[in-house]
Every structure is written in C-alpha cells, then in structure tokens.
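K.L.:
Please work out how this folds:
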Amino acid sequence: MTIALALEQLLNGIQLGVMLFLMAAGLTLIFGVMGLINLAHGSLYMVGAFACATVAAWTGSFWLGLIASLACAAAAGAIVELAVIRRLYDRDHLDQVLATFALILIFSEGTRWLFGDFPLYLDIPPLLQGIVNLPGDASYPVYRLAIIAVGALIALGLYLLIGKTRLGMRIRAGESDREMIGALGVDIRTLYTLVFALGSALAGLAGALVGALQSVQVGMGEPVLILAFVVIVIGGIGSIKGALYGALLVGVTDTLGRFLLPQLLALFVDPSQAGMIGGAMASMLIYVVMAVILAVKPRGLFPPAHA
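P.N.:
Numbering: from 1, shown residues only. You can find the predicted model right below:
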C-alpha cells in the first residue's frame with residue numbers, strides 16, 4: 001500500500017463523511033428541536049437528486065439544478081411539515097415512525113410514477129472536472145474536493161446560524177424549552193416549519209451532490225438514512241457539532257475498513273475469500289464503533305447541554 005493510495009482513501013472517507021453530515025445535520029436539528037423521528041428524511045435526499053437531474057437536463061446547467069435541489073427539497077419539506085408532521089408532535093414515537101414510513105412509500109411510488117424505474121444521470125460541471133495532484137504522487141478528482149469544501153462551508157454556516165443569530169437563539173431555545181419560548185411570543189409553528197425546511201434543503205443538497213457521482217434512482221435515500229441515524233447516535237442527538245464529528249468518523253471508518261480489511265485478511269486466507277469476508281466485516285465495523293462509543297459515552301460524543 002502506497003502513501004498516495006492511502007491518502008486517496010482517506011479523502012474518500014472524508015468526502016463520504018461530508019455527505020453524511022449534510023444528511024445528519026438536518027436530521028438531528030429536526031429531532032432536537034421538534035422531538036420528531038423522521039424516517040422520510042432519505043426521501044427528501046432523493047427529491048433533491050431528482051430535482052437537480054431534471055433541471056440540469058432541461059437547462060444544461062448543473063448549477064441551476066443545484067439551486068433547484070435546494071428549493072424543491074425545502075418546499076417538499078415545508079409541505080410535509082404543514083400537511084402531516086404538524087399533527088404528530090403530540091403523538092408518541094411509534095405514530096411518528098409509522099407516519100413517516102408511509103411518507104417513504106408515497107415519495108418512492110410518486111417518484112417512480114413521474115420518472116419511471118430507469119435511473120437518471122448527472123454530469124459533473126466542466127469547472128469541476130479533472131484532477132488535482134497531491135503530495136506523494138497522489139491525485140484526486142476536483143469534484144470530490146469541491147464536495148468536501150462545500151461541506152466545510154455549510155458546517156461553518158450552521159455554526160454561525162445556530163450560535164450567532166436570532167433564529168439560532170430561537171432554535172436553541174426550542175431544543176431546551178419549547179413551551180417557554182411559545183409563552184414568550186415566538187411563533188413555534190413557524191419555527192418548526194423553518195427548521196424542517198432547512199433540514200430538508202440540506203438533505204436535498206446532499207442528494208444533488210452525490211447524484212453526479214452515482215445514478216439518481218428511486219430509493220437512493222434509504223441506505224444513506226441508516227448511516228445518518230448511526231451518525232447522530234454517535235455524535236449526540238440534537239448536536240450539530242456531534243453530527244459533524246460523527247459523520248467524519250463513520251465516513252473514514254467505513255471507507256478505510258473496506259479498503260484495509262480485505263488486504264489484512266489476504267495475509268491469512270485466500271484473496272478471493274478475504275475480499276468477501278473483509279467486505280462483510282467492514283459493513284459491521286461502523287456499528288461496532290457505535291457500540292463502543294455508546295458504552296463509554298451513552299449520550300454520544302457531544303450531547304447538547306440540555307440533554
């Protein structure tokens with residue numbers, strides 16, 4: 001294994017972590033402020049990807065598609081919150097799980113009805129094509145580096161939004177004592193809609209960015225949703241900082257595990273078996289990491305102060 005190859009795999013893990021952060025940040029915001037388990041969050045990831053692919057195909061502009069992914073996912077999230085989610089706040093978590101699972105089916109079948117079963121494809125914009133030379137004779141795609149940069153900017157933006165603005169103050173207050181801020185005159189319903197739309201927009205953006213790396217298809221959000229739940233449990237439910245650190249930990253662990261475990265096992269067993277066994281062990285590795293972290297810190301790495 002060369003230094004260049006190891007560096008490339010590390011960057012792949014960071015890029016996966018950034019995508020998981022965009023998903024997990026919205027998910028943890030929604031749960032932290034609203035106390036809602038939203039299984040349909042992966043469907044909003046899919047909405048963003050389809051919106052970007054469709055608008056990019058119509059206009060020939062990836063950038064317009066990216067804007068459309070944010071707008072469509074945020075609008076879909078706001079509509080879902082107003083029409084369905086608003087009725088679930090005072091219900092128990094089982095009702096929330098059943099209702100949002102039903103939303104998964106509605107989004108999936110509605111998307112299949114509109115676009116069919118065949119996947120759509122997004123082209124990487126010319127500005128972000130090509131590779132960058134890195135130390136150690138390594139090279140890495142510009143687009144993947146751009147995804148990492150976008151994730152860093154969004155993490156900074158969320159930090160400033162939550163920590164330095166009036167809206168962020170209301171969001172933090174909503175996490176700790178929603179009844180009190182309602183009594184103080186804050187329109188809690190509007191706050192919930194804004195938070196849900198923001199979380200949905202982040203998921204839609206993640207879907208659009210990943211759509212240029214893989215096909216855009218029905219059901220693409222559910223596997224990512226599972227990893228996003230792992231991220232927020234590791235990081236601490238309701239914590240944006242925890243979502244960032246948890247996402248990077250999961251992304252790097254998953255990527256390096258899939259890369260290193262088959263090579264290590266090949267020293268002891270047949271290479272073909274090592275690949276199969278190593279892949280299976282790598283799939284389990286992030287859950288082992290989650291179990292170890294929860295054994296040491298049951299509320300996650302960075303639980304919110306009010307937790």
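K.L.:
where does the stretch 101-250 of the chain have low pLDDT?
P.N.:
172-182, 184 (pLDDT under 70).
K.L.:
If we go by neighbour counts, what in stretch 248-266 is buried?
P.N.:
Within stretch 248-266, the residues that count as buried by 16 or more other C-beta atoms under 10 Å are 248-259, 261-262, 265-266. Quick note: C-beta positions are derived from backbone N, CA and C, even for glycine.
K.L.:
Relative to residue 230, which of those residues is nearest.
P.N.:
Closest to residue 230 out of those is residue 250 (5.9 Å), distances taken as C-beta to C-beta.
K.L.:
helix or strand right after the helix or strand the closest one falls within?
P.N.:
Assessed by DSSP states H and E, residue 250 sits inside helix 240-265. Using DSSP H and E, the helix or strand that follows helix 240-265 in sequence is helix 271-296.
K.L.:
what's that following helix packed up against?
P.N.:
Counting contacts by 3 or more C-beta pairs under 8 Å, 6 or more residues apart in numbering; DSSP states H and E, helix 271-296 is packed against helix 221-235, helix 240-265.
K.L.:
So for it, what gets flagged as buried?
P.N.:
Per 16+ other C-beta under 10 Å, helix 271-296 contains these buried residues: 274-275, 277-278, 281-282, 285-286, 289-290, 293.
K.L.:
so how far is it off the chain centroid?
P.N.:
21 Å (C-alpha atoms, centre = their mean, to the nearest Å).
K.L.:
what angle do that helix and helix 221-235 make?
P.N.:
Per axes from the mean of the first three to the mean of the last three C-alpha atoms, to 10 degrees, the angle that helix 271-296 makes with helix 221-235 is 50 degrees.
K.L.:
how much space is there between residue 259 and residue 41?
P.N.:
Distance, residue 259 to residue 41, by C-beta to C-beta, to the nearest Å: 28 Å.
K.L.:
do residue 24 as well
P.N.:
9 Å.
K.L.:
Next: residue 188.
P.N.:
21 Å.
K.L.:
Of the two, which one has the most company?
P.N.:
Taking other C-beta atoms under 10 Å, residue 188 and residue 41 do not tie; residue 41 has more neighbours (30 against 19).
K.L.:
Let me know how buried residue 150 is, in neighbour terms.
P.N.:
Residue 150: 17 neighbours (other C-beta under 10 Å).
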